[in-house]
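Asks: turn this into a structure:
(one chain, ligands or ions: 1)
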Amino acid sequence: MATLTINQERFKTDFEALSKIGATAQGGVNRPAFSPAHIKARDWFRKQALKAGLEVRIDGAGNNSAILHQDKASKTLLLGSHLDSVPDGGRFDGALGVVAGLEVLRTVKETELRLNTHLEVIDFTDEESSLVDYLGSRALAGLLQPEDLRAPMGGRSNFEVGLARSGMKEDEIFTARRDPGSLKGYLELHIEQGPRLEMAGARIGIVSAIVGIRAYHLIFQGKANHAGTTPMETRSDASLGASAFLLAAREITLRDAPDCVENVGNLHFSPGVFNVIPGQVDASLEIRSIDEASLDALETSLLARARIEAERFGLGLEIKAVSRALPVRMDPNAQSALWQATETLGLSPLTIPSGAGHDAQVLAQITSTGMVFVPSAGGVSHAPSELTIWEDCVNGANVLLGAAVRMAGIKNPID
Ligand SMILES: [Zn+2]
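Replies: Just a heads-up that it's a prediction; the model follows:
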């Protein structure tokens, strides 16, 4: 049999149509979870799926699916990614995997290939963690807890507004859980979002592992007071502890944790005005690594250092753990299906870890999971200039198709 490939033109037309939804003047998209543009993108996806003769489904966590049923199959192979974006994000992150998944299902349907497994392309809710981190995939995997919804990353009230806007009901979210026994596996095509493939001159990557990510609020507490009349030496300035911690955190990570990265992505000053000494500073700290023990060690030393800096400037410190995603290895069977697909297409893949979090990290905890990466020009992502050359997108979709057919298994014609 000739190597099965997707319909390139149709794939491109779809991708361009989707890129217009929530398009920004800078060339990216702005589709945070549950925003009007995000809801519109999901409407578009379901419409395309129906047009292709696929079954459409929305589960309790808002995950949108298109399904290609196979006779007498009992399990489902999921192909997925996400249609939400970070604020002012790029066109490729998430969207590429969903559009490619849709194209894979259409191709299989058209060729009348009979498989042993149902195929389902799924668009997960809030992969970018605007409101509740990995809401859709965690609910599907049975790894979401009621307490995760009580004080979510994006704030409880924003979450309630988002639910109402998208017509979701909170008590139905947990019904999205699937029995792991009903799944054959999960495959995801995604842009790399980093420079490794490009630097190595590789056009395609097979993911070996995905980093674990831990996030915290470090709340330095001082005393707000008049910025003009309070003597310098008697101030209890929360910004000093936070600033000293920022610089120390970088130094500690570079020196003691070469396989980790750390970031303080936000500092929130209260009251946050010129003429009042900062009474409180909330620092948003995140650490990542593919090694759990390294994360444990870095967490211990960074949090200890935060306490030392708070004490040094006479401040209180409250530490709130916000989220924790485990580092995971990709499944060898899924990786081998991806390898075989790349070889059949004459591509030479590079095996690399993912420094970015993905729904695949959640799915890997319940089913055989693999990820394929295509290069990000200049390593840029989460920005309007995010770009993957189109030929690489097509390669990625064809690898997804080849691996999906291998994992699903072709039915013997005499069955
Ligand atoms: Zn993504």
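Asks: stretch 363-382 vs the ion: in contact?
Replies: No - against the ion, stretch 363-382 shows no contacts by Cβ under 5 Å from the ion, the least distance being 8.2 Å. Placement of C-beta: from N, CA and C, glycine included.
Asks: make 659 the starting number, not 1.
Replies: Okay, using 659 as the starting number, the last item reads as stretch 1021-1040.
Asks: and that stretch, how far out from the chain middle?
Replies: 9 Å (Cα atoms, centre = their mean, to the nearest Å).
Asks: ends of it, how far apart?
Replies: End-to-end distance for stretch 1021-1040: 22 Å, by Cα to Cα, to the nearest Å.
Asks: what of stretch 975-992?
Replies: 45 Å.
Asks: where's it relative to the chain centroid, distance-wise?
Replies: 12 Å.
Asks: cool, and stretch 1039-1046?
Replies: With Cα atoms, centre = their mean, you get 15 Å for stretch 1039-1046.
Asks: and the contacts of that stretch?
Replies: With contact meaning Cβ atoms under 8 Å, 6 or more residues apart in numbering, stretch 1039-1046 is reached by 682, 684-686, 744, 746-751, 754, 849-852, 1014, 1032-1036, 1038.
Asks: what about those residues, which are in helices?
Replies: Within the contacts of stretch 1039-1046, residues falling in helices by DSSP state H are L754.
Asks: and the contacts of stretch 1039-1046, which of them are buried?
Replies: 682, 686, 744, 746-751, 754, 849-852, 1014, 1032-1035, 1038 (16 or more other Cβ atoms under 10 Å).
Asks: and the gap between the residue nearest to the spatial centre of the chain and E785?
Replies: Taking Cα atoms, centre = their mean, the centroid of the chain lies closest to H1016, which sits 3.4 Å from it. Applying Cβ to Cβ, to the nearest Å, the value for H1016 to E785 is 7 Å.
Asks: quickly list what's touching both of those two.
Replies: S739.
Asks: residue ranges with poor pLDDT in the stretch 959-1073 of the chain?
Replies: For the stretch 959-1073 of the chain, the stretches flagged by pLDDT under 70 are 1070-1073.
Asks: and the residue of it closest to the ion?
Replies: H1016 (6.1 Å; Cβ to the ion).
Asks: near the ion, which residues of the stretch 659-808 of the chain?
Replies: Neighbours of the ion within the stretch 659-808 of the chain, by Cβ under 5 Å from the ion: 751-752.
Asks: ranges for the helices of the stretch 659-808 of the chain?
Replies: 666-677, 694-709, 753-769, 793-799 (DSSP state H, counting those that start in this stretch).
Asks: want to throw the ones you listed into JSON lines with mean pLDDT and distance to G825?
Replies: Output for these, formatted as JSON lines (pLDDT from 0 to 100; distance: least, Cβ to Cβ, whole Å):
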{"stretch": "helix 666-677", "mean pLDDT": "98", "distance to G825": "21"}
{"stretch": "helix 694-709", "mean pLDDT": "98", "distance to G825": "9"}
{"stretch": "helix 753-769", "mean pLDDT": "97", "distance to G825": "20"}
{"stretch": "helix 793-799", "mean pLDDT": "98", "distance to G825": "15"}
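Asks: most packed of the ones you listed?
Replies: Counting by mean count of other Cβ atoms under 10 Å, helix 793-799 has the highest mean neighbour count of these, with a mean of 28.
Asks: any chance of a markdown table for the helices of the stretch 659-808 of the chain, columns distance to S1043?
Replies: Listed next are the helices of the stretch 659-808 of the chain as a markdown table, based on distance: least, Cβ to Cβ, whole Å:
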| stretch | distance to S1043 |
| --- | --- |
| helix 666-677 | 13 |
| helix 694-709 | 19 |
| helix 753-769 | 15 |
| helix 793-799 | 27 |
